[in-house]
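Visitor: can't give you the sequence, but here's the structure:
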């Protein structure tokens, strides 16, 4: 698929390059050093994450898949209320593994809807679009390679259909509390009364289960984090020695935060040629790469109330590890 003479991959990668430059330029001079997890998802990062999702230690994907499979009929009833057509807008769509459960069922039931996947990864988006077109050739597709909020604005201009926003996979856990509030307030501003946001929340549970999910026995999460340095090496002509960094994960059950870090194994200096930047590391110095918050029901209900939504549906897996929660704009 071409966009203004370029492939979709080229357009997205061009956008990401400038964002990556800014992230590296500002994040690696902070104390502690930081790099956003949004840059994990180049082609190799997306591939590794597919492996993580199938890891026996990573319960999140299986739990949410179970929810969508079990409650797909109830969800369609909510989404297609009053027989209105709707746009199913998925933020951070990835490979659409879980969403395809809904797409297939909604098509089978004759629902009138369009699917608008939004993702920062060109490879993931192109792969998903190709796969969906092959499985459901007549399904109306509106792939978006823009900012979440710009995408919603564009879709609103194109159609007056009801907006059903999917934000699955516990992606909301990557936001700090104030960022989550700001995100849902901005989301609320782009929606009309009665529009829906279905969010996947990882729930607080036995800390050992959560720790294992981010510190898996096969070191996939370690490889996922280290690939961020490999990406910087490739795209910004840097000389990170991946063998000189380790991965460390911690979970704090008091705050509900799982945090991931890359740890320098020695005193070293990294040169990032493309932006003429030199970054010193002390032995044991960290780069904070990811936060993944876990929620209580009270916190989720408070988030809805603070941001102009009301909770209109609560669905959990059999073990109660995970919840998909329906927010409706007031």
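Guide: Alright, I've got the coordinates. From a predicted model like this one, the values you see are computed outputs, not experimental measurements.
Visitor: Okay, helices next: where are they in the stretch 1-150 of the chain?
Guide: In the stretch 1-150 of the chain, the helices defined using DSSP state H, counting those that start in this stretch lie at 8-27, 43-53, 59-79, 99-108, 122-135, 148-158.
Visitor: And these: which comes nearest residue 93?
Guide: Closest approach to residue 93 among the helices of the stretch 1-150 of the chain (CB to CB): helix 122-135, 5.8 Å. C-beta here means a position set from N, CA and C on the backbone, and glycine is covered the same way.
Visitor: about what we covered before: how about TSV for the helices of the stretch 1-150 of the chain, with mean pLDDT, mean neighbour count and distance to residue 179 added?
Guide: Below are the helices of the stretch 1-150 of the chain laid out as TSV (pLDDT from 0 to 100; neighbours: other CB atoms under 10 Å; distance: least, CB to CB, whole Å):
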stretch	mean pLDDT	mean neighbour count	distance to residue 179
helix 8-27	69	16	16
helix 43-53	91	18	22
helix 59-79	97	18	20
helix 99-108	96	18	24
helix 122-135	89	18	23
helix 148-158	75	16	13
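Visitor: Turn those helices into JSON lines, including distance to residue 194.
Guide: Compiled in JSON lines, those are given as follows (distance: least, CB to CB, whole Å):
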{"stretch": "helix 8-27", "distance to residue 194": "32"}
{"stretch": "helix 43-53", "distance to residue 194": "33"}
{"stretch": "helix 59-79", "distance to residue 194": "11"}
{"stretch": "helix 99-108", "distance to residue 194": "19"}
{"stretch": "helix 122-135", "distance to residue 194": "26"}
{"stretch": "helix 148-158", "distance to residue 194": "14"}
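Visitor: Could you give the bridge partners of residue 167?
Guide: residue 199 (DSSP bridges).
Visitor: Tally up the residues packed near it, please.
Guide: By the measure other CB atoms under 10 Å, the count of residues near residue 167 is 22.
Visitor: and it, what is it in contact with?
Guide: By CB atoms under 8 Å, 6 or more residues apart in numbering, the residues touching residue 167 are 90-92, 197-200.
Visitor: So for residue 259, which of the helices of the stretch 1-150 of the chain sits nearest?
Guide: Of all those, helix 8-27 comes closest under CB to CB, at 15.3 Å.
Visitor: where does the stretch 151-300 of the chain dip in pLDDT?
Guide: For the stretch 151-300 of the chain, applying pLDDT under 70 flags no range at all.
Visitor: what about the helices in it?
Guide: Here the stretch 151-300 of the chain has its helices, by DSSP H, counting those that start in this stretch, at 177-189, 207-213, 220-236, 297-306.
Visitor: Out of the ones you listed, which is closest to residue 48?
Guide: Across those, residue 48 has its closest neighbour in helix 220-236 (4.7 Å, CB to CB).
Visitor: what's the closest one in contact with?
Guide: For helix 220-236, the external contacting residues (CB under 8 Å, 6+ apart) are 17, 20-21, 24, 35, 39-40, 42, 44-45, 48-49, 51-52, 55, 214-215, 238-240, 242, 245-247, 249, 260, 262, 272-275, 289-290.
Visitor: which one of the contacts of residue 167 sits closest to residue 140?
Guide: The closest of the contacts of residue 167 to residue 140 turns out to be residue 90 (CB to CB; 14.0 Å).
Visitor: and the closest one, how many neighbours?
Guide: Residue 90 is flanked by 24 other residues according to other CB under 10 Å.
Visitor: Pull the number of nearby residues for the residue lying closest to residue 93 once chain neighbours are set aside.
Guide: Take residue 93 and drop its neighbours on the chain: the residue closest to it by CB to CB, 6 or more residues apart in numbering is residue 117, 3.5 Å away. For residue 117, the count of nearby residues is 26 (other CB under 10 Å).
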